[in-house]
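**Q** this is a predicted model, with the sequence first.
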Amino acid sequence: MALIITEEQKMLKDSATELLSVKAPISQMRELRDSEYSPFNKKLWEEMVNMGWTALTVPENYNGLDFGFVGLGQILEETGRNLSKSPLISSILLGASALRLSDNEALKVKLFPGLMEGTSQLALAIQEGKYHQSSIFNTQAILKGDKYVINGSKTMVIDGTTANFFVVVCQVDGNYSLFIVDANSNGIKVSKKILMDSGSYADIIFKNVEVSAENQLNIKLDGRLLLDQLMTISYSGISAELLGICKQAFDITIQYLKERQQFGVIIGTYQALQHRAVILFSEIELCKSIVLKALQAIDENDTDALKYAHLAKAKLCKTAKLVTNEAIQLHGGIGVTDDADIGFYLKRARVAKQLFGDYNYHLDQLAKIKGY
Amino acid sequence: METKISVSLSDFRTETRAWLEANCPESMRQPVRDPFDLFWGGRNAKFNSEDQRLWFERMLEKKWVVPYWEAKYGGGGLTSDENNILTQEMTRLGCRKPLYSFGISMLGPALLNFASEDQKLHYLPQIVEGKIWWCQGYSEPNAGSDLASLQTKAIDKGDHYEITGSKVWTSYADKSDWIFCLVRTDFNATKHNGISFILIDMTSKGVSTRPIKLISGKSPFCETFFDGVKVPKENLIGNLNEGWTIAKYLLTHERQMIGGIGETDVKKEVHTTALEKLSLNSSGAISDGVLRNQISDFEMDEEIFDLTIQRVTDEAKTGNNSGALSSFFKFYGTELNIARHELLMSIGGSEALFWGENEKKDGDLARKFCRSKGNSIEGGTSEIQLNIISKLILGLPTK
């Protein structure tokens, strides 16, 4: 398959560029932050629903569009460019994907409509310590009668304060299971945390939370398999957002180099700065290729999809760090002021890097996959 | 009018595969150890083996020495789809090219784009038949990165030019029959506008060469000197004083080759070497954690760089392409190759330092490491590539 986006995917991307640059530019993100860190703009979320973005990756037999993850990736890239805030990552990239991968038909029928309409939101509760990993979980689900009882604590739950349901990753008898848990269940304590990207995250404590066995996402399906596939989607999707962040931080910086004057000349004429800019350009060229490859691999059920996802997240984490750091430095003093937008890219990049594992984690996983 | 029998591409593939299997000798399917083992053609052409002769003659008869040139120039007239299939099938079987020649890779494309029809009909078939070994005269001792400041002069003497000056980094000049050269024909014009592209017979009176030894040892590079060399006027390619256009075209072409586009040999993965040579911990991971990370980081970039070649090639097919991207590939590809050799030296430890006394047999690793240092210099330094990208892609202003 050619490593380019199709005409339809390009049209979707263009429509996302248009909507987000007008309705959800970085100024909106700034306003949300300045009004007591509001999580997202509800009108924008309605627009996204009307555009069909919440149904993009939902299968057709549940009335979704089944347009694929390359499509969703194009939108996430544009949200990265504009730093647009919405539950698209928590509820659609993560939540709807968990449901899509599940073999629990009843849950799909029950939850997909609300997700697509944007009236209910899912949030994925997976991380437990300071770092992402997907092999050991202390959160336990124990079967008692026809119910599971969940005990444990989760952190870094994206939009955990506004979600109606959580997808909770648990250890069950030495394997893994994912459960849909109503946010209003007894025994759940949600604490809001604002991170440096001005986003709302949650620490959640589950204390003897009872969940019907019917809420288990993997019935016959191996929990490990479901988790691996969900992680493949997560790594690739966040990488798409990071790509948008890199591209926009770079574009803003190049524009600045073409305008700013010192010593009577435009600073972009200095070779020292030009070469640094071209290194960023080159790394972003590589990023474009691996993000598209990782997204295509999901849509094509490529057996190497997880490897490409690790490659994407490793490369994007490394490049996003480089690009956002250099963007600030190339701006000079204005770059460290709150008045300039460029700092928001640095801050969002730092959070997106940690979400679902930073460069070190993914590099290590790649070495393991290759057997060294 | 001849009727061309239309053969579907899959039939073409089947036939090509069968023909190659039947006609490419086993020894011509082995990896190349030394560029001097290859067949370069020329007036003093010498085959290193009977198989090499057979392979060249069979391919020549099949018109597949340069399969994609038009038949009237000695080519095979294949379409680009057919040529891709032939390349794929040759790669699959590991077939060597029957003839290695800067005539095919460099001069040919320049002639096709800029020469007169008479010149094409004269020079191109000779290239295909391997009759002339061509070398390239671009760089000069005082015109390296700043190529356009070259000073080798061609003075108009009525019926001929008289050429005086010197060239450097002329690969295989001591073995070549002819050289294609950039020379200054107008000393009053701005530096880019006084250059012409000319062909010179190396046996002409006043031409001499001297080989250059590198930090890696013996090399194909030479210095070439011209002392009042008489060159017929019809040897000029393209218009007088417009040689820089041809030079730019060929440099783009050269960068793509050095940067790895079109490269077909499969490189052994670095981690495979590492697993053979390094101590591993109980879970099978390389014990040296720092080196393990460096290998993983390198292989990440290497794999994604290959994907980027694929992406940009696919984009080009849809008509979406920037020629300046060849500078990006040259820059990134050579830096990766240098990083690869650094890693292989680290993995080899003190064993990798072995130099030995017999250059042909000894010190392969250390010599290749030293040779790789030239990659980011030849064909335009990495810094020159960054300048080109800055100007042509990013649109950053120049003073």
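**A** Yep, that arrived.

**Q** and residue 131, how many neighbours does it have?
**A** In the absence of a named chain, chain A is used. Each residue near A:Tyr131 was counted by other C-beta atoms under 10 Å in any protein chain shown, and the total is 12. No exception for glycine: its C-beta is placed from N, CA and C like everyone else's.

**Q** could you do chain B instead?
**A** B:Lys131: 14 neighbours (other C-beta under 10 Å).

**Q** helix/strand/coil for it?
**A** coil (DSSP: H, G, I helix; E, B strand; the rest coil).

**Q** so how far is chain A from B:Leu9?
**A** B:Leu9 is 17 Å from chain A, where distance means C-beta to the nearest C-beta, to the nearest Å.

**Q** isn't that residue right next to B:Asn83, touching?
**A** No - in this structure, B:Leu9 is not within contact of B:Asn83 by C-beta atoms under 8 Å, at 11.3 Å.

**Q** in terms of neighbours, single out the busier of the two.
**A** Neighbour count, other C-beta under 10 Å: between B:Leu9 and B:Asn83, B:Asn83 has more, with 18 against 12.

**Q** which helix or which strand is home to the residue nearest the centre of chain A?
**A** Against the mean C-alpha coordinate of chain A, by C-alpha atoms, centre = their mean, the closest residue is A:Ile238 at 3.7 Å. According to DSSP states H and E, A:Ile238 maps onto helix A:223-259.

**Q** how far does whichever helix or strand comes after that helix sit from its chain's centre?
**A** Downstream of helix A:223-259, the first helix or strand assigned by DSSP H and E is strand A:261-262. Put simply, strand A:261-262 sits 38 Å off its chain's centre (C-alpha atoms, centre = their mean, to the nearest Å).

**Q** ok, stretch A:275-285 near chain B or not?
**A** Yes - counting by C-beta under 8 Å from any C-beta of the partner chain, chain B is contacted by stretch A:275-285 at A:His275, A:Ala277, A:Val278, A:Ile279, A:Phe281, A:Ser282, A:Glu285.

**Q** mind putting those in a markdown table, secondary structure included?
**A** Compiled in a markdown table, the residues of stretch A:275-285 next to chain B are given as follows (three-state DSSP):
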| residue | secondary structure |
| --- | --- |
| A:His275 | helix |
| A:Ala277 | helix |
| A:Val278 | helix |
| A:Ile279 | helix |
| A:Phe281 | helix |
| A:Ser282 | helix |
| A:Glu285 | helix |
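
**Q** ok, back up a step: residue contacts, the residue nearest to the centre of chain A?
**A** When contacts are counted by C-beta atoms under 8 Å, 6 or more residues apart in numbering or on different chains, A:Ile238 is found next to A:Leu76, A:Ile89, A:Leu93, A:Lys313, A:Leu316, A:Ala352, A:Leu355, A:Phe356.

**Q** tell me how many other residues crowd the third one.
**A** Translated: A:Leu93. Count around A:Leu93 with other C-beta under 10 Å applied: 28.

**Q** mind pulling up the pLDDT for it?
**A** According to the prediction, A:Leu93 has pLDDT 98.

**Q** chain B contacts on chain A?
**A** A:2-4, A:254, A:257-258, A:265-266, A:268-269, A:271, A:274-275, A:277-279, A:281-282, A:285-290, A:292-293, A:311, A:314-315, A:318, A:360, A:363-364, A:366-368, A:370-372.

**Q** can you do 6 Å?
**A** Within chain A, the positions near chain B by C-beta under 6 Å from any C-beta of the partner chain are A:2-4, A:254, A:266, A:268-269, A:274-275, A:277-278, A:282, A:285-286, A:289-290, A:293, A:311, A:314-315, A:363, A:366-367, A:370, A:372.

**Q** filter those residues down to the buried ones and hand me the PyMOL line.
**A** Only the buried entries of the residues of chain A next to chain B go into this PyMOL selection, using 16 or more other C-beta atoms under 10 Å in any protein chain shown:
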select buried, chain A and resi 3+4+254+268+269+274+275+277+278+282+285+286+289+290+293+311+314+315+363+366+367+372
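
**Q** I'm done for today, thanks for sticking with me.
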